[in-house]
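S.K.: A structural model of the following input is requested.
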Amino acid sequence: MTHSHRRRGRLGTLIGGFTATALAATGLFLATSGSADAAPTAQSAAASVPAHAVTGYWQNFDNGASVQKLSDVPSDYDIIAVAFADATTTPGGVDFTLDSAGLGGYTEDAFKADIKAKQDAGKSVVISVGGQNGTVSINDSASAANFADSLYSLMQEYGFDGVDIDLENGLNSTYMSQALESLAAKAGSGFVLTMAPQTIDMQSTSGEYFKTALAVKDILTVVNMQYYNSGSMLGCDGKVYSQGTVDFLTALACIQLEGGLDPSQVGIGTPASTSAAGSGYVAPSVVNDALDCLAKGTGCGSFKPSKTYPGIRGAMTWSTNWDATAGNAWSSAVGPHVHGL
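M.R.: Below you'll find the model as predicted:
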C-alpha cells in the first residue's frame, strides 16, 4: 500500500474484499438479535474527559501535513493522542523522543508546558503506542511489566494523562490487559485509556483486540475504531458494508455497542482529509449523520440500529495535522456536533 503519511497504514486493504465473506462463512460476527444489553456506564474514565468527546492524533513527525505544536491544536479536541511512542530493545518497553528538528525546533520544555496548558484548559493528552510501524510485543508477564513501567515513566516525565493503544500488528489480550491494569493502578484516578483498533480487529468479541477492550472495560475511556484503510466489513446485522458510507460507520459501531462496550466507550474514527488515509474518507457531515443515527435514530442510511445509544462518546480523527492542512474543516464541523449530542 502507498500512503501519504508515515507509520499509520492498515491491514484492511491487504485482506481486501474477501474479508467479510470469509468472516461470514466462519460466523465471526455478532448478530444483533443475540446480544446482551451493554453494562452500566464506566465510572473510572478521567473526570476531565467530557461525556461526548473528540479525539485527535498529533504527529510527532513531518510527513507533509501541517507541522504543529500542541498549542496549535484547536480547542475542539478533548483528547490529544501524541503519535507515537517507540519500542525499545527491552521486551515490552517503550520510549518517546520529541522530533524537535522535524517540528521546527520545538523543545521538550515547550512541549511539556503545552501539555500542561492543554490540561489546564480541561483537555487530556495521552501517549499513543503503535502506528503502522510500531510493533511492541506483550506476550508474557515480564514484557507486560516492562510495558506498564515504561509507560508510567513517560507519564511522569511528560505529564501524559494516559495511553492510547494503536497496535496494528496483533496483541495478546491476556498480557496486554495485565499490562494496562497494572499501569492504571500506578497512574491512579484520572487515567485515560483509549484504543484505535482496525475494523478487522473489532468484527468479533472473540478477537484479541476486542477481548482486550472488554477485559479492561473498568478502566477504558474510549475505543475509536479506524473506519478507513479497510476492506468491506460486516455490520452487526450480518450484512456486508463498504467503507466511505454512513452505513459502514453505524453498522460496524453497532457490533461494539452490542458486544459489551458501554456507549460511552465507543467512538468513530475517520480521516481528517482525503490526504490523511489511503481510503475511507467521509465528509465531516457523514460523521455527524452517523453519530445522530446512533444517538438519536436520525440521519441513518439503509442501516438503522434497533435502539439508540445517546451516550455514544464521540469521534476521532487522524490527524490534527491533516485537519490543519485542510483548514480545520473536520474539527470545526465535528467538534461542535459531538459536544452538542
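S.K.: how about stretch 50-63: buried residues?
M.R.: 50, 52-63 (16 or more other C-beta atoms under 10 Å). Where C-beta positions appear, they are placed from N, C-alpha and C, glycine not excepted.
S.K.: what's the first-to-last distance across that stretch?
M.R.: 31 Å (C-alpha to C-alpha, to the nearest Å).
S.K.: ok so, going back, now intersect the buried residues of stretch 50-63 with the strands, please.
M.R.: Mapping these onto strands (DSSP state E) picks out 53-59.
S.K.: which among those gets closest to residue 241?
M.R.: Lowest distance from residue 241 to those (C-beta to C-beta) belongs to residue 55, with 22.9 Å.
S.K.: right, and that closest one touches residue 314 too?
M.R.: Yes - contact status for residue 55 versus residue 314: in contact at 7.3 Å, counting by C-beta atoms under 8 Å.
S.K.: of the buried residues of stretch 50-63, which is the nearest to residue 180?
M.R.: Nearest member of the buried residues of stretch 50-63 to residue 180, counting by C-beta to C-beta, is residue 55, at 17.4 Å.
S.K.: how about the buried residues of stretch 50-63 in TSV, adding distance to residue 108 and pLDDT?
M.R.: Formatted as TSV, the buried residues of stretch 50-63 follow (distance: C-beta to C-beta, whole Å; pLDDT from 0 to 100):
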residue	distance to residue 108	pLDDT
50	29	97
52	33	98
53	27	98
54	27	98
55	24	98
56	21	98
57	20	98
58	15	98
59	17	97
60	12	97
61	16	96
62	17	96
63	21	95
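S.K.: what sits against the spatially closest residue to residue 100 that is not a sequence neighbour?
M.R.: Closest residue to residue 100 apart from its sequence neighbours, by C-beta to C-beta, 6 or more residues apart in numbering: residue 106 at 5.5 Å. With contact set as C-beta atoms under 8 Å, 6 or more residues apart in numbering, residue 106 has these partners: 69, 98-100.
S.K.: how close does residue 106 sit to residue 256?
M.R.: 36 Å (C-beta to C-beta, to the nearest Å).
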